[in-house]
Each structure stands twice: as structure tokens, then as C-alpha cells.
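J.: Mind folding the following:
(chains A, B, C and D)
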Number of protein chains: 2
Amino acid sequence: MNTLNDNTIAIVDDHLLFASSLEKLINSFQGFRVLFKAQHGLDLIDKLQNLNDLPDIILLDINMPVMNGFETLKWLTENHPTIRVLSLSMDDNEMYILKMLKEGAKGYFLKDIHPKTLEKALLEVMERGFYYSELVTNAMVNSLHSDLPDLDPEFNKNELQFIKLACSELTYKEIADKMKLSPKTVDGYRQDIFKKLGLRNRVGLVMYALKNKMINI
Amino acid sequence: MNTLNDNTIAIVDDHLLFASSLEKLINSFQGFRVLFKAQHGLDLIDKLQNLNDLPDIILLDINMPVMNGFETLKWLTENHPTIRVLSLSMDDNEMYILKMLKEGAKGYFLKDIHPKTLEKALLEVMERGFYYSELVTNAMVNSLHSDLPDLDPEFNKNELQFIKLACSELTYKEIADKMKLSPKTVDGYRQDIFKKLGLRNRVGLVMYALKNKMINI
DNA sequence: TAAAAAAACAGGAAAAACCCTGTATAATCT
DNA sequence: AGATTATACAGGGTTTTTCCTGTTTTTTTA
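T.: Predicted coordinates:
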């Protein structure tokens, strides 16, 4: 085991138990070694800046506190475009997959894959630069013939707050009170958002917000 | 390392990568060794019946396909009450914690705990029979002064189907059509369920269903 | 099989959600 | 400064949801 020539890996995941365990697994792969672990995006940025050694590959979780996988990936492609980022999530949500690929991820895996698959993927990413599982290619193909609504619509602060409050049992009138706005204004937000996202009613909005992790359960 | 006297552990988790990694971690703990892994409850039952050796401890995930953690724990307490079951989840949802403890779990951990904590917990469970983290004791204390609605209300088939459909963009009339029932009957379901769960409106029902994993996002 | 319980269904009414169109005001740009 | 654009807000109507109180029908149980 030539430690010097090993490909180095960083793990970014808030589940310490998972990260620590995965570290052991990866260190048991020939030719790979975990350089460091981080709990979330900010932690990663901090560690990248205080270390003089960059990892070859970053395994990046999506759901994390403080700074999530999307934001982190965006930062990485801007600041360290040479590092290959593989997304490692529990969610097979197609929107997630497409969003991460669009941002420049070199692969997307579910946490239920077999260790051997991960090993193969790591090797392939080092050789070819990417690894697209069937999950990923399917998502890409599907995205071609289904016209999904706007992949990443923008919401301003008020709209975001409205969406959060709309996912509670508050009536729109109560939401308007909380936001110190007229009920009519709030109704305007609702209408704009419904049109932007192609929704029929409030339940659709709640499901949308959940799918896109705009709120936590 | 006396393999014969090691305490044995079974891991039940559908995330193969996590399970395999955790296995390596636990095998590195002194005095513990992973006997086998299962992907979900049914798989566990199968393996318990085909092996002549029972594990001392089972680490049980909650969110799993086929047979989830709640159902699995119920089966275990009925069929193998001597096995100590520790719940290992990503959700700090208080309802989850209480439900699992009520069913007889000897502990409840989040996946973001430190490996050392897990090791300590495993040791303590073997010595004292249980390990209650701060998370768990807090949940228990809170449950004393807040009168949560019915911890585990029962729903019949129609109610369950109604709840699932209510989490979509369908109107109640459309739901009634789908269920081949009168809209008034469906409205009766709604009213009963709202009262049973203390809900104000449909969004509340959607959030309830999500918190209790009655539907998937 | 008669009584009790549960499930299906109704009438009717108030509240909330939904939808369209239009105006005043504030912010931004040329 | 004047034009453009975005934001806040209104009027007013339709649909859906929510809620209350019943009756009829079916199923369960004694």
C-alpha cells in the first residue's frame, strides 16, 4: 500500500457515524485514502483553506445543516474546479440529481449502493473523470421528454417566508398578519407562485417545498 | 481479541453503504463484532430464523422499505425479547423516539453521533441493559408536560387511502370519485381524522402524514 | 335475530382558498 | 426627471374547504 500515491478523498456529511464508518471502508480500498472529513459545506471550505493538500475527490452529502450540498457544490466548482465531486445522497429525487449534475457533479449515488459499486465508481472517476450510474442516466433521459417546470425558480425573501408559512396550519389571513402585509398582497404571492410552479392548490405547494427542501418536516 | 466472547451485533439498514461501513467501524471496537447485516425487517426475520446464533444487540434503522423499524421492533419484542434493540435513525422527531421506546427499544441514536458515543452506548447496553442519551430523556420529559394527541391512532384502509390522496392536488370531490364514494363520506373521513389528530386543515394533515411517514415525498 | 356499533351519506351554512383584473406606490433604470 | 418595472394592495366572484347536525345502511355482536 503506497500511501503517497493513493488517491485522496474528502467526505462531507453531517452524519458523523456514517462519515467515520465510510472512512474506514474507503481506507480499506486499495489506492484510496480519506484525507479528511467535514460536517457541512462551511466546515469543508474551512478545512480546504487550512490544509495545503487538496483531495482528488469529494464525496458530498446534500442534506446538511449550515451549508447544504447544492451551495457547497456551487462554491467548489467556482473555487476548486479540479476537484471531482461525487454526490452521495439518500434521495433519488430526480430534481436533486439534475440540479447536482447541472452544477458540475461527476456522479450521483444513493447511500444504499454496494461498497463494491463505490469502489468501482471511485476508480472510474479517477480514470475517466465521471461515473454515471443507471439512476443518473435515467434521470437525464427522463428530463429530456418531460417538460418539468422551471428547474430552479427564484423566490425573493417574502415569497420564501410565505412558502414556509403556507406549510403550516395558518390561514392566509394569519400569514398576512405575521408578515405584516395585507391579505391581498399575500394572495398575490400565492397566485404568482402557483403560476410559476404550475400548482393547483396549497397542498401542491407544500409538496413542492418538501421536495425541494425549502422546509424541514 | 477474543472472537468467541465478543458481543455480537446485527445491523438492519437499507443503506448498504452505511451498513457496510458501520460494520467495519464496529468490528474495530474491542469486544464487539457484527454477526450479520439485513436490509429491512423481513430480511432480518429471515436471517434470524436461518441462523442458529442470535445477536446480543440489533441496531435498527426506522426508514426502510418492505418492513420499517416500527413494525420490525414490534416483531422483535414479541419473538425475541432478549435481544436488545437500539434504534438508529436520522430523525430526531419526538414522536419517533417515543414510539420506539414505547415498543421496547433500549436506546435511540441519531446517525450524527460520534463513533466513541456509539461504542460507549454499546458497552452500556450490554452492562445495564439500556442507554438513554440526552435526546431521549428530553423527549420523555417533554412528553410529560405536553399533551400530545393520540400517539398512535388507528386508521382503517379507507382512511389511509384518503390521507394519501389528500396529500395530492386532488380536490375532495376528485378523491371521492377515485375512491368510488360519495363526497359526503369522504368529508366524514376528513372530519373524523381532523378531530382524532387535532388538525385545523388539510395542510396540517399533509404535515402529519409526512411526519409519520404515511406517505413518501 | 334483535340490538348495538360502525360506516356511508345528506343538507346546509360559514369560512377559506382560489382566480381574474385592475390601481397605487415604490424601486430601478436610462 | 421621466419611463419602466416590480411590489403592495383592492374589488369581487367562484370554488373548495371546513364544520355542524342529522339519517340511512351495513356490519358486528350479544
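J.: who touches the residue of chain A found nearest chain B in this structure?
T.: Nearest to chain B, among the residues of chain A, is A:Ser21, at 3.3 Å (Cβ to the nearest Cβ). Every C-beta, even on glycine, is put in place using the N, C-alpha and C of the backbone. Listed by Cβ atoms under 8 Å, 6 or more residues apart in numbering or on different chains, the contact set of A:Ser21 reads B:Phe18, B:Ser21, B:Leu22, B:Glu23, B:Lys24, B:Leu25, B:Pro115.
J.: likewise A:Met207?
T.: B:Cys167, B:Ser168, B:Glu169, B:Val206, B:Ile217.
J.: Buried ones among those residues?
T.: Neighbour-count burial (16 or more other Cβ atoms under 10 Å in any protein chain shown) applied to the contacts of A:Met207 gives B:Cys167, B:Ser168, B:Val206.
J.: At the geometric centre of chain A, which residue do we find?
T.: A:Ile62 (3.2 Å; Cα atoms, centre = their mean).
J.: pLDDT score for it?
T.: Looking at A:Ile62, its pLDDT reads 92.
J.: how close does it sit to A:Glu174?
T.: Distance, A:Ile62 to A:Glu174, using Cβ to Cβ, to the nearest Å: 32 Å.
J.: Kindly report the same for A:Ala19.
T.: Per Cβ to Cβ, A:Ala19 is found 41 Å from A:Glu174.
J.: neighbour count winner among those two?
T.: Set side by side, A:Ala19 and A:Glu174 show more neighbours around A:Ala19, with 22 against 14, by other Cβ atoms under 10 Å in any protein chain shown.
J.: Which residues in the host helix or strand of that one does the neighbour count mark as buried?
T.: For A:Ala19, the host element (DSSP states H and E) is helix A:16-27. Residues of helix A:16-27 classed as buried by neighbour count (16+ other Cβ under 10 Å): A:Leu16, A:Leu17, A:Phe18, A:Ala19, A:Ser20, A:Ser21, A:Leu22, A:Glu23, A:Lys24, A:Leu25, A:Ile26.
J.: so what secondary structure elements neighbour the helix or strand of chain A with the lowest mean pLDDT?
T.: Of all helical and strand segments in chain A, the minimum by mean pLDDT, DSSP states H and E falls on helix A:134-145, at a mean of 75. For helix A:134-145, the elements it packs on are helix A:94-103, strand A:107-110, judged by 3 or more Cβ pairs under 8 Å, 6 or more residues apart in numbering or on different chains; DSSP states H and E.
J.: count of neighbours near the nearest residue to A:Phe29 once chain neighbours are set aside?
T.: Distances taken as Cβ to Cβ, 6 or more residues apart in numbering or on different chains put A:Glu119 closest to A:Phe29, at 5.0 Å, once the chain neighbours are dropped. A count of nearby residues for A:Glu119, using other Cβ under 10 Å, gives 17.
J.: Give me every residue in chain A lying close to DNA strand D.
T.: Applying Cβ under 7 Å from any atom of the strand, we find that chain A lies next to DNA strand D at A:Asn156, A:Asn158, A:Leu181, A:Ser182, A:Pro183, A:Lys184, A:Thr185, A:Asp187, A:Gly188, A:Tyr189, A:Asn201.
J.: tell me, which of these make contact with DNA strand C?
T.: Here is what survives when these are matched to DNA strand C using Cβ under 7 Å from any atom of the strand: A:Asp187, A:Gly188, A:Asn201.
J.: A:Glu94 contacts A:Asn142, correct?
T.: Yes. In this structure, A:Glu94 is within contact of A:Asn142 by Cβ atoms under 8 Å, at 6.4 Å.
J.: So those two - more neighbours on which side?
T.: A:Glu94 (18 against 13).
J.: Quick one: neighbours of the nearest residue to that one once chain neighbours are set aside, just the number.
T.: Nearest non-adjacent residue to A:Glu94, counting by Cβ to Cβ, 6+ apart: A:Ala139, 4.7 Å away. Counted with other Cβ under 10 Å, residues neighbouring A:Ala139 total 21.
J.: separation between A:Ala139 and A:Tyr108?
T.: Distance of A:Ala139 to A:Tyr108, computed by Cβ to Cβ: 8 Å.
J.: Same question for A:Leu170.
T.: From A:Leu170 across to A:Tyr108, the span is 36 Å (Cβ to Cβ).
J.: Looking at these two, which has the bigger crowd around it?
T.: Taking other Cβ under 10 Å, A:Leu170 and A:Tyr108 do not tie; A:Tyr108 has more neighbours (25 against 17).
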